[in-house]
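> I'd like to go over a predicted model; first the sequence, then the structure.
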Amino acid sequence: MKRIVILGATGSIGRQTLDIVRAFPDEFEVVGLAAGNNVELLFEQIDEFHPRHICCISPPDTLPNGIKFTPMEEMVCLEEVDTVMVATMGSVGLMPTLSALKHGKAVALSNKEPIVMGGAIIKDYEARYGGRVLPVDSEPSAIWQCLQGEENEIRRLMITASGGPFRLTPVEDLAQVTPEQALKHPTWQMGKKITIDSATLMNKAFEVIESHWLFGVPLENIEVVVHPQSTIHSMVEFADGSVKAQMGPPDMRLPIQYALFYPKRLSNEMIPRLDLGVCHSLTFEPLEPQRYPCFVLGMEAGRQGGSCPTVLSAADDVAVHSFLDGKIAFTGIPKLVEQVLSEHQRMPGLDPEELLEIDRWATARAKELVKRAL
């Protein structure tokens, strides 16, 4: 039986992780659940899964018998924990990820931001302490699956992108995009932040940086291609020109289950199957940089490295939430991110606390710029 902690239990990935637990009740014991402000759902999960440890932003006055309030960084280190699912939002997942790796845990990493911010540190902890990062994010998971059994030179990683809801929208009309329109992703059902990042393609820049660290492939050997059907999740080209692709319906439960059971693949009827008995097309298009300025900014921050990806992540978080709150236009997202990046001087070789301090600065500066614009 695998004993797990789920950080971000009430979010989209956390809930789908618990779907996998429900499907295999004899395979998992839920040791701990951590959430943000959705305490009502958290307590429903407590009633169903009976964890011994919980964490949330506002501790409740009373807890059911046998349950302890435990901070995330302590929860992930518990001796009885085997695997930690990191499905939090933003930079909050960085320190728990590092703590889990430092204690030799397997970390199923769905949250992009920790590895975007601190990829070098995460890989150092993984090598030094014996923990392991298991990719859950759909595209890095697809690459990971394609690499199983391969000991050959990688020529290219090719990450696919649906292109989001505005792939065909005239660029001059993007300033009038509403949050409701941006949240209608054409193929995936996800949380609000990642859905907006998918509309701007900032998420693809994050995935390029993430894949660079996870698989040790130079940024210049990682490409993004627009694939509207979201059937192929990523591809790997090897030295001889052969290309392997991982395909499947756009459902996050598949990469979640793969990470939790790695290296085994188990049948699960709740995960939809790819039906090739019906007419099905696969098309690919080049990415249009002028349509996706957030992707361009993200790639440049990734190339600069050091503290720049941390600033990128923090500024994007503020920009996305400001757009959702009606404070800035859709086209204001890249403008805000670019402004914060331009005010930051790159710093190399930072430790986790320094990264979090830069994250706090970039967050505060972005919020200040939004307030001035109102």
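On my side now, so go ahead. Not measured: the values here are computed from a predicted model.
> those helices in the stretch 101-250 of the chain, which residues are they?
Secondary structure of the stretch 101-250 of the chain (DSSP state H, counting those that start in this stretch): helices at 112-129, 138-147, 179-182, 192-200, 202-215.
> Quick one: mean pLDDT for the third one?
What it means is helix 179-182. Here helix 179-182 scores 96 as its mean pLDDT.
> For the chain, which segments count as strands?
For the chain, the strands defined by DSSP state E cover 2-7, 28-34, 53-55, 68-69, 83-86, 106-109, 132-135, 154-161, 222-226, 232-238, 243-247.
> partners of the second one, with directions?
Based on DSSP bridges, the strands next to strand 28-34 in the sheet, each with its direction, are strand 2-7 (parallel), strand 53-55 (parallel).
> Just put those in JSON lines and tack on mean neighbour count and mean pLDDT.
Any C-beta I mention is one placed from the backbone N, CA and C, and that applies to glycine too. Formatted as JSON lines, the strands paired with strand 28-34 follow (neighbours: other CB atoms under 10 Å; pLDDT from 0 to 100):
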{"stretch": "strand 2-7", "mean neighbour count": "24", "mean pLDDT": "98"}
{"stretch": "strand 53-55", "mean neighbour count": "23", "mean pLDDT": "96"}
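> among these, which is nearest D19?
Closest to D19 of those is strand 2-7 (CB to CB; 11.5 Å).
> Touching that closest one from outside, list them.
The contact list for strand 2-7 (CB atoms under 8 Å, 6 or more residues apart in numbering) reads 14, 17-18, 21, 27-34, 53, 72, 75-76, 78, 80-88, 93, 96, 260.
> Could you verify my assumption that M252 touches Q16?
Yes: using CB atoms under 8 Å, M252 is in contact with Q16, at 5.4 Å.
> Find the residue ranges of the stretch 251-374 of the chain scoring beneath the pLDDT cut-off.
Within the stretch 251-374 of the chain, the ranges that satisfy pLDDT under 70 run 374.
> What are the phi and psi values at the residue in the chain sticking out farthest from the centre?
Ranked by distance from the centre of the chain (CA atoms, centre = their mean), the top residue is N65, with 34.0 Å. Torsion angles at N65 (phi, psi; degrees, to the nearest 10) stand at phi -60, psi 140.
> Please report how far it lies from R52.
11 Å (CB to CB, to the nearest Å).
> go on, L201?
With the distance defined as CB to CB, L201 ends up 41 Å from R52.
> Kindly report the same for E73.
For E73, the distance to R52 - CB to CB - is 17 Å.
> Please apply the same query to M270.
Per CB to CB, M270 is found 27 Å from R52.
> of these two, who's got more company?
Higher neighbour count among M270 and R52: R52, with 16 against 12, using other CB atoms under 10 Å.
> Break the chain down into its domains, please.
The record's domain parsing of the chain by automatic domain parsing lists 2-135, 166-200+290-374.
> From the opening residue of the longest one to its closing one, how far?
Counting by CA to CA, to the nearest Å, you get 17 Å between the two ends of domain 2-135.
> so M247 touches T231, yeah?
Yes: contact between M247 and T231 holds when scored by CB under 8 Å: they sit 5.5 Å apart.
> So which of those two has more stuff around it?
Neighbours were tallied for M247 and for T231 using other CB under 10 Å; the higher tally belongs to T231 (20 against 14).
> ok so, going back, mutual contacts of M247 and T231, please.
By CB under 8 Å, 6+ apart, M247 and T231 have these common neighbours: L274.
> measure F24 to Y258 for me?
13 Å.
> of these two, who's got more company?
Just comparing F24 and Y258: by other CB under 10 Å the higher neighbour count belongs to Y258, 23 against 15.
> What separation do you get for the more buried one and H53?
According to CB to CB, Y258 stands 26 Å off from H53.
> Check V21 too.
16 Å.
> Is it correct that K367 is in contact with D317?
No: applying CB under 8 Å as the test, K367 and D317 come out as separate, 10.2 Å apart.
> Have a look at the two and say which one is more surrounded.
Neighbours were counted for K367 and for D317 using other CB under 10 Å; D317 has more, 21 against 16.
> So P51 sits against A34, correct?
No: in this structure, P51 is not within contact of A34 by CB under 8 Å, at 9.5 Å.
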